[in-house]
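Build me a structure from this.
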Amino acid sequence: MSNIFPLSLIAATVFVSMSAVAAPPQGYPSDYQSVIDAATKEGKVVVYSTTDIKAAGPLVKGFEATYPGIKVEYNDMNSTELYNRFISEQASGGTSGDVVWSSSMDTGLKLATDYAQEYKSPELAQLPKWAVWNNKAYGTTYEPVVFIYNKRMIPAGDVPDSHAALAKLIASQTDKFKSKVTTYDIEKSGLGFMLSVQDAKADPNYFKTLADVAKGGLAVQSSTGTMMERVSSGENLIGFNILGSYAEARAKTDPSLGIAYPKDYTLVLSRVSFISQQAQHSDAAKLWLDYVLSEKGQSILANQADIPSLRNDIEGKNDIDGLTKMLGNALKPIPVDESLLEYLQPKKRLDYIKQWRTAAGK
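The predicted model follows:
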């Protein structure tokens, strides 16, 4: 029997097969199939992200399984590198990311105001209103900001449960905590700067509290991973303004790492994402953003990547409902809106950094 088939028949078979796999999600508009087909022709989506590839891996795998004709080119950077690289590429007119996904909410929104295309996601109705800006920038996660501590070296009775308690603990034992307290270097980390500003907005006594926390000397870093490693090893004893998602993931396999959720207020970060106006793979970018926001994508983030979901319909406790039951009114979500941009004005940013350095003894 001959094994030669007409090319047209093979092409038709492949198309039918791919269409059967990559059908619009339930409840999506009927014309969404045209987006899927166009995205499949594009063949890939380029993502610029601050989310560690280890954490994002299950999401990438799930997306490529849902849309087998589209590959994800995932670029993992810190927030400052992402911001500078994206702006430089936009200015030069070279190739760049189709989608930006940043934990530094303020610089992420700043990029969105200048470079995002408007796109009304079919998932819009499932998202909190504070998480969407002008149908251009979308919050994608719900991540409490926590304290971490070394469980071997800090007794359970000393673990602080508020920012004031953290300051009191350190100020009362300056010898023990000398150069043993860690947090972000707000000059090198866009995320660190943004969280510090949000602290100052949430707490009128922030700079006094910071000065007390810094009495033993601060060991500042540019990454969450470095801070967790140093606290776990005992090189540092305690850290603040740490992304709870990363801390919870590490604590599962690290018996030395403890986590405390402040009860006075717990900032909640939501990673900001948008599609570039100049996206070379615009339809694939729409599929990616919708997938990240979907019940399926959010479930992967919550239950495989340990990144809490922005939705309230995810199985398990790692979503808005679960965290609200645990922390209640202490939760303070940072809204995706123009208020994020206030301290990005050069003079205001510089003045803030000077004030922070004075309080932190830097």
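
can you map out the strands along the stretch 51-200 of the chain?
71-76, 99-102, 132-133, 137-139, 143-150, 181-184 (DSSP state E, counting those that start in this stretch).

what do you get for the stretch 251-362 of the chain?
For the stretch 251-362 of the chain, the strands defined by DSSP E, counting those that start in this stretch occupy 257-260, 266-269, 272-275, 331-333.

Give me the sheet partners of the last one and which way each runs.
In the sheet, strand 331-333 lines up against strand 266-269 (parallel) (DSSP bridges).

before we move on, what about the first one?
With DSSP bridges as the criterion, the sheet partners recorded for strand 257-260 are strand 143-150 (antiparallel).

on that earlier part again, return the most buried member of the strands of the stretch 251-362 of the chain.
strand 272-275 (a mean of 28; mean count of other CB atoms under 10 Å). C-betas here are computed from N, CA, C, even on glycine.

Could you tell me the average pLDDT over it, please?
The average of the pLDDT scores along strand 272-275 is 98.

So which elements touch that strand?
Strand 272-275 sits against strand 99-102, helix 105-115, strand 137-139, helix 282-293, with contacts defined as 3 or more CB pairs under 8 Å, 6 or more residues apart in numbering; DSSP states H and E.

Check what contacts that strand and list those residues.
Strand 272-275 is contacted from outside by 98-102, 105, 108-109, 111-112, 115-117, 119, 136-140, 282, 285-286, 289, 292, 336, using CB atoms under 8 Å, 6 or more residues apart in numbering.

Quick one: low-confidence residue ranges for this protein.
1-21 (pLDDT under 70).

all helices in it, in order from the N-terminus.
According to DSSP state H, the chain carries its helices in the segments 7-21, 32-42, 53-66, 79-92, 105-115, 163-172, 190-202, 206-213, 224-233, 244-251, 282-293, 295-303, 320-327, 346-360.

Specify the stretch among these that is closest to Pro155.
Nearest of the helices of the chain to Pro155, taken as CB to CB: helix 163-172 at 10.7 Å.

in that closest one, what's buried?
Going by neighbour count (16 or more other CB atoms under 10 Å), the buried part of helix 163-172 is His163, Ala164, Ala165, Leu166, Ala167, Leu169, Ile170, Ala171.

what's the answer for stretch 322-342, then?
Gly322, Leu323, Leu327, Ala330, Leu331, Lys332, Pro333, Ile334, Pro335, Val336, Leu340.

Straight-line length of it, end to end?
Counting by CA to CA, to the nearest Å, you get 32 Å between the two ends of stretch 322-342.

what's next to it, contact-wise?
If you take CB under 8 Å, 6+ apart as the criterion, stretch 322-342 is touched by 105-106, 109-110, 113, 128, 130-133, 137-139, 142, 144, 194, 197-198, 202, 261-270, 272, 308, 316-317, 348.

what does stretch 155-166 give?
Contacts for stretch 155-166 (CB under 8 Å, 6+ apart): 147, 149, 168-169, 199, 203, 205-206, 209, 213, 238, 240, 258, 260-265.

That stretch: end-to-end distance?
14 Å.

again, but for stretch 260-272
Stretch 260-272 has its terminal residues 25 Å apart, counting by CA to CA.

how far out from the middle of the chain is it?
Taking CA atoms, centre = their mean, to the nearest Å, one finds stretch 260-272 lying 13 Å from the centre of the chain it belongs to.

going forward, begin numbering at 49 instead of 1
Got it, the first residue is 49 from now on, which makes the last one we talked about stretch 308-320.

Figure out which of the helices of the chain is closest to Ser324.
helix 153-163 (5.6 Å).

now the angle between helix 238-250 and that closest one, please.
Inter-element angle recorded for helix 153-163 and helix 238-250: 110 degrees (by axes from the mean of the first three to the mean of the last three CA atoms, to 10 degrees).

Relative to Asp233, how far out is the nearest residue to Glu235 once chain neighbours are set aside?
Taking CB to CB, 6 or more residues apart in numbering, and ignoring the residues beside it in sequence, Glu235 has Ile401 as its nearest neighbour in space, at 6.0 Å. Relative to Asp233, Ile401 is positioned 10 Å away (CB to CB, to the nearest Å).

since we're on Ser150, how many residues are nearby?
31 (other CB atoms under 10 Å).

quick one: the spatially closest residue to Lys226 that is not a sequence neighbour and Met275, what's the gap?
Once flanking residues are discounted, Lys226 sits nearest to Gly264: 4.5 Å by CB to CB, 6+ apart. Separation of Gly264 from Met275 (CB to CB): 16 Å.

More neighbours: which of those two?
Met275 (25 against 21).

could you list every residue that touches the more buried one?
For Met275, the contacting residues are Ile196, Thr230, Thr231, Tyr232, Gln269, Asn284, Gly287, Ile290, by CB under 8 Å, 6+ apart.

same thing with Trp178?
Per CB under 8 Å, 6+ apart, neighbours of Trp178: Gly187, Pro381, Pro383, Val384, Asp385.
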